[in-house]
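give me coordinates for this.
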Amino acid sequence: MTGTPAGPGATGATGTAIDLSVPQRIHVVGAGGAGMSAIATVLAAMGHEVTGSDLKASSTLLRLQGSGLTVHVGHDPSHVNGATALTASTAIPATNVEVLEALRLGIPVLSRADVLASIAVLRRTIAVAGTHGKTTTASMLALILVEAGLKPSFIIGGDLNDIGTNAAWDSGSWLVVEADESDRTFLRLAPEVAVVTSVEPDHLETYGSFSVLRDAFSSFMEQASACVVGSDDVIAAELAPTEARTFGLGERARFRITDVHGTRSSVSFSLSDNSPAGRGRLGEFELAVPGEYNARNAAAAVVAADVIGVEANVARRALARFAGVARRFEFRGEKNGVTFVDDYAHLPSEVKACLAAAQDGGYSRVVCVFQPHRYSRISALAPDFASAFVDCDILVVTDIYSAGEDPRPGVTGKLIVDAVIGAHPDAQAIYTATHEELLWNLRGVLRPGDCCITLEAGDLTGLPDELLSDETW
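Next up is the predicted model:
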């Protein structure tokens, strides 16, 4: 899928609703993406006729095809014929031939936010938002509601390892939605329960300033009847309504996390309701995924489930079999004594949390391969990465994954290395401008007992497989 952030919203369609209680024939542009594939899956499960297209073949398109959807590789105006509506993400440019054909034919062109909002009005919605952790938290919450027998529907940006899909439409009254702030989608949802894990500077190309982004999160929470907010995050805690159910490791949290214990592949913790009229200790929870940050994600899911009446022991059973989400501290294999892990982390605090989890694994060394994401993000946040890598022994930084942005003079992955070495002169950090140079460096540096962890939101997720199948190493 290619394009710039212009997207179909540039056509003026954003804010348009569609009545999904009556049958539609909907064409999804960019159906291979995580967000749009979830939309396509749910629309089809609701009984609508759904077609899709994307620029490249992918396992996601194959999965949609296996579910009975008609999908196309490549974009062509003829794909729109017979549609009553077209939807696409903001990554699809307004100049896309299918978007233009829909406009020519007078077919409504809807943003993903338009369709998601139209779906959400048909269910009681729990929307999970935040700079970090929303995919994992929403996945945990969906699994808890399934365990509770509530037959929830859900639309999530990553695949659940346990369920094998990122979306479902079931007969229960609840819908769990991963609420994306990147294009203001979360402001369209008006949820019954709003979950906010954290609020940090990101997507400033959309909002213009952090202050506007903060206001957007505040508006998101104001729409909800109940809020669940991470109190370890300073900004989220500051924005939380007075009556919010807060969670975290700090003493000010109403639902407090204690006794966190992590291993290479798990984390356990206790959770207590410490409000004046609280219930005290809710029990101990154990996850088959590592990291203190996952204890926070799990606590958010437990508290959100508690809001709608799901008991802690039900949440405990569900979380015990939570096997993670694709590309979230995902173990990819082992070769020559080196363990390979891949994670979607691409912001400073995400990187720091992932590397702390890797350190819990007791590896001889943690070798981090980091692919910076977006020129605009690195231009704004490069100094904030200075101390994000303190828990890795060796850092290898690649060039920037553009995500459709145009290059900016002087903005390369070397800015990250310069920030790290500037703050920590003894750090082992190198910049590799080409993929060949990256492979050459890794073949030379990796040794038995290492954890090699790739952190990126771009196209480096194939690196572990590349090294695992490398017969020269």
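
quick check: which ranges of this structure have low pLDDT?
Applying pLDDT under 70 to the chain flags residues 1-15, 158-164.

what about A423, distance to K352?
13 Å (CB to CB, to the nearest Å). (C-beta placed from N, C-alpha, C; glycine too.)

between the two, which is the more surrounded one?
Taking other CB atoms under 10 Å, A423 and K352 do not tie; K352 has more neighbours (18 against 15).

which residues do A423 and K352 both contact?
S387 (CB atoms under 8 Å, 6 or more residues apart in numbering).

in CSV, list the C-alpha atoms belonging to whichever helix in the chain runs longest.
When the chain is scanned for its longest helix (criterion: DSSP state H), the result is helix 292-307. Below are the C-alpha coordinates for helix 292-307, written out as CSV (Å, rounded to 0.1, in the frame of the first residue of the first chain):
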residue,chain,number,x,y,z
GLU,A,292,6.5,-4.8,33.2
TYR,A,293,4.7,-2.9,30.5
ASN,A,294,2.6,-6.0,29.8
ALA,A,295,1.6,-6.0,33.5
ARG,A,296,0.3,-2.5,32.9
ASN,A,297,-1.5,-3.5,29.8
ALA,A,298,-3.1,-6.4,31.6
ALA,A,299,-4.1,-4.3,34.5
ALA,A,300,-5.8,-1.9,32.1
ALA,A,301,-7.8,-4.8,30.6
VAL,A,302,-8.7,-6.2,34.0
VAL,A,303,-10.0,-2.8,35.2
ALA,A,304,-11.9,-2.1,31.9
ALA,A,305,-13.6,-5.6,32.2
ASP,A,306,-14.4,-4.8,35.9
VAL,A,307,-16.2,-1.7,34.8
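
which of the residues in it are classified as buried?
By neighbour count on 16 or more other CB atoms under 10 Å, the buried set for helix 292-307 is 292-307.

and stretch 239-259, by the same measure?
Applying 16+ other CB under 10 Å to stretch 239-259 flags 239-240, 244-249, 253-257 as buried.

ok, now stretch 309-324?
Neighbour-count burial for stretch 309-324, counted by 16+ other CB under 10 Å, picks out V310, A312, V314, A315, R316, A318, L319, F322, G324.

quickly note the distance from the last one to L86.
So the one you mean is G324. G324 is 34 Å from L86, by CB to CB.

dump the residue contacts of F217.
Contacts of F217 by CB under 8 Å, 6+ apart are A129, E181, V196, V199, A236, L239.

tell me who's in contact with the fifth one.
A236 sits next to G130, V196, T197, S198, V199, F217, V229, G230 when contact means CB under 8 Å, 6+ apart.

from the middle of its chain, how far away would the longest helix of the chain be?
In terms of CA atoms, centre = their mean, to the nearest Å, the centre of helix 292-307 is found 16 Å from the chain centre.

ok, residues contacting the helix or strand that it is followed by?
Following helix 292-307 in sequence order, the next helix or strand is helix 312-320 (DSSP states H and E). Residues from elsewhere that reach helix 312-320, judged by CB under 8 Å, 6+ apart: 140, 143-144, 146-148, 271, 282-288, 298, 301-302, 305-306.

now stretch 44-57
1-2, 20, 23-33, 36-37, 40, 43, 61, 64, 67-76, 79, 83, 98, 119, 167-169.

my guess is A300 meets V193, correct?
No. Counting by CB atoms under 8 Å, A300 stays clear of V193, with 11.1 Å between them.

identify the contacts common to these two.
In contact with both A300 and V193: V228, using CB under 8 Å, 6+ apart.

okay, and the beta partners of I430?
Taking DSSP bridges, one finds V396 as the beta-bridge partners of I430.

check the gap between it and F370 for me.
From I430 to F370 the distance is 11 Å (CB to CB).

these two - which one has more neighbours?
The neighbour comparison of I430 against F370 (other CB under 10 Å) goes to F370, with 27 against 15.

phi, psi of that one?
Main-chain dihedrals, F370, degrees, to the nearest 10: phi -120, psi 130.

my guess is it contacts L455. True?
Yes. Using CB under 8 Å, F370 makes contact with L455 at a distance of 5.0 Å.

ends of stretch 192-203, how far apart?
25 Å (CA to CA, to the nearest Å).

and that stretch, how far from the chain's centre?
Using CA atoms, centre = their mean, the offset of stretch 192-203 from its chain centre is 12 Å.

three-state assignment of the residue nearest the centre of the chain?
Geometric centre of the chain, nearest residue: T135, 4.2 Å, by CA atoms, centre = their mean. T135 carries the three-state label helix when classified by DSSP: H, G, I helix; E, B strand; the rest coil.

distance of it relative to S379?
T135 is 25 Å from S379, by CB to CB.

swap in P276?
Distance of P276 to S379, computed by CB to CB: 47 Å.

the more surrounded of those two?
Higher neighbour count among P276 and S379: S379, with 14 against 5, using other CB under 10 Å.

show me how far stretch 200-212 is from its chain's centre.
That offset, for stretch 200-212, works out to 18 Å (CA atoms, centre = their mean).

just the terminal-to-terminal distance for that stretch.
Stretch 200-212 end-to-end distance (CA to CA) = 12 Å.

next step: the buried residues of stretch 239-259 restricted to strands.
Using DSSP state E, the members of the buried residues of stretch 239-259 that fall within strands are R245, T246, F247, G248, F255, R256, I257.

columns distance to D450 on top of those residues, output as TSV?
Converted to TSV, those look like this (distance: CB to CB, whole Å):
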residue	distance to D450
R245	41
T246	39
F247	34
G248	33
F255	37
R256	36
I257	30
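
host element of L467?
Here L467 is assigned to helix 463-468, by DSSP H and E.
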